[in-house]
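S.K.: A structural model of the following input is requested.
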Amino acid sequence: MGHLDHAALGWLTPTLSYVMACIGAALGLRCTMRALGATGRSRRNWLITAASAIATGIWTMHFVAMLGFSVSGTDIRYDVPRTIASLLVAMVVVSAGVFAVGYSHDRVRALFLGGLTTGLGVASMHYLGMAAVRLHGSVHYDPVLVGLSVLIAVVAATAALWAALNIKSPVAVTIASLIMGAAVSSMHYTGMFAVSVRVSPSGGVLPGATAMQFIFPLAVGLGSYLFLTSAFVALSPTTGESEATASAQRTVESVTS
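M.R.: Sure, this is the predicted structure:
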């Protein structure tokens, strides 16, 4: 059996991956709050931004954490198409959950279905990402820990959607984001502790790309997207601010006319 190290780079990758999960959660919550206060095309656009932020945060968290993953006795490569597919899966399922909550009139039913769908999708993203790992040997999973990781994913997704519906203040959003980030990280590392590897030493060249060739540049790009989108959301006026500005402008026009 190969020795697995989930933090080969020390605390850097666990800490950075947690930060990315928190940023994605915070941005997703803020955008969902904006969406619930908007209508028409504006609501749709805010929900798309919320879903992309949450999915990007979760996916980036997973693969930043994977930068610190190593197995003694073998190199590790990543299958590029499967890795990209895991990102697309995250985008699709999170969008389904967010839109279910954003447009449904039955909030309880939408919360249950959205949390279940999103949680299972997040778990699918994780294990599809793990299926993209290429190494000299075979990967095995502890079914109990796999089941626990899926349960954590469903609970975390449901909590995230509940928070989007019920939390309004910036302080509460920050606290919720820290908790959600911890939940997503717990799901990831629970899934990783379910992994065992039976190494089969070989001199053959592994297919795929190394983490630094592919995962690192993509994670940096998606992380930049999160930071830029966060700045855009922070600087854009809320629905209340837009209405106040429009009202003030109408008042000025009526006085001057």
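S.K.: for residue 8, which non-adjacent residue is spatially closest?
M.R.: Nearest residue to residue 8 in three dimensions, chain neighbours excluded: residue 70, at 4.2 Å (C-beta to C-beta, 6 or more residues apart in numbering). Every residue, glycine included, has its C-beta placed from N, CA and C.
S.K.: how many residues are close by the one you found?
M.R.: Neighbourhood size, residue 70 [other C-beta atoms under 10 Å]: 19.
S.K.: confidence score at it?
M.R.: Note on residue 70: pLDDT of 89.
S.K.: beta partners for it?
M.R.: residue 5 (DSSP bridges).
S.K.: from what I see, it and residue 5 are in contact.
M.R.: Yes - Residue 70 is in contact with residue 5 according to C-beta atoms under 8 Å; the separation is 4.7 Å.
S.K.: what's the distance between the residue nearest to residue 8 and residue 138?
M.R.: 17 Å (C-beta to C-beta, to the nearest Å).
S.K.: what helices or strands is the helix or strand where residue 161 lies leaning on?
M.R.: Residue 161 is part of helix 143-166 when elements are defined by DSSP states H and E. Where contact means 3 or more C-beta pairs under 8 Å, 6 or more residues apart in numbering; DSSP states H and E, helix 143-166 is packed against helix 12-36, helix 80-103, helix 107-131, helix 170-193.
S.K.: centre of the chain to stretch 36-47, how far?
M.R.: Taking C-alpha atoms, centre = their mean, to the nearest Å, one finds the center of stretch 36-47 at 21 Å from the center of the full chain.
S.K.: cool, and stretch 202-221?
M.R.: Offset of stretch 202-221 from its chain centre (C-alpha atoms, centre = their mean): 21 Å.
S.K.: buried set for that stretch?
M.R.: 206, 208-209, 211, 214-215, 218-219 (16 or more other C-beta atoms under 10 Å).
S.K.: surely residue 207 meets residue 79?
M.R.: Yes - between residue 207 and residue 79 a contact is recorded at 7.2 Å, counting by C-beta under 8 Å.
S.K.: hey, what's in contact with both of those two?
M.R.: residue 134 (C-beta atoms under 8 Å, 6 or more residues apart in numbering).
S.K.: pull the distance from stretch 171-179 to the chain's centre.
M.R.: Using C-alpha atoms, centre = their mean, the offset of stretch 171-179 from its chain centre is 15 Å.
S.K.: let me see the mean pLDDT of it.
M.R.: Stretch 171-179 comes out with an average pLDDT of 82.
S.K.: hang on, the earlier thing: and the angle from the helix holding residue 161 to helix 170-193?
M.R.: For helix 143-166 against helix 170-193, the angle by axes from the mean of the first three to the mean of the last three C-alpha atoms, to 10 degrees is 170 degrees.
S.K.: distance between the ends of stretch 202-214?
M.R.: Start and end residues of stretch 202-214 are separated by 23 Å (C-alpha to C-alpha, to the nearest Å).
S.K.: what residues does it touch?
M.R.: 66-67, 75-80, 83, 132, 134-136, 215.
S.K.: give the rounded mean pLDDT of that stretch.
M.R.: Over the span of stretch 202-214, the pLDDT mean works out to 80.
S.K.: got it, and stretch 76-87?
M.R.: For stretch 76-87, the per-residue pLDDT averages 89.
S.K.: which residues sit in contact with the nearest residue to residue 87 once chain neighbours are set aside?
M.R.: Take residue 87 and drop its neighbours on the chain: the residue closest to it by C-beta to C-beta, 6+ apart is residue 59, 5.0 Å away. Taking C-beta under 8 Å, 6+ apart, we find residue 59 in contact with 86-87, 90, 125, 129, 222.
S.K.: rewinding a little: reformat the buried residues of stretch 202-221 as a markdown table; add distance to residue 183 and secondary structure.
M.R.: Below are these laid out as a markdown table (distance: C-beta to C-beta, whole Å; DSSP: H, G, I helix; E, B strand; the rest coil):
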| residue | distance to residue 183 | secondary structure |
| --- | --- | --- |
| 206 | 33 | coil |
| 208 | 30 | coil |
| 209 | 30 | strand |
| 211 | 25 | helix |
| 214 | 27 | helix |
| 215 | 23 | helix |
| 218 | 24 | helix |
| 219 | 20 | helix |
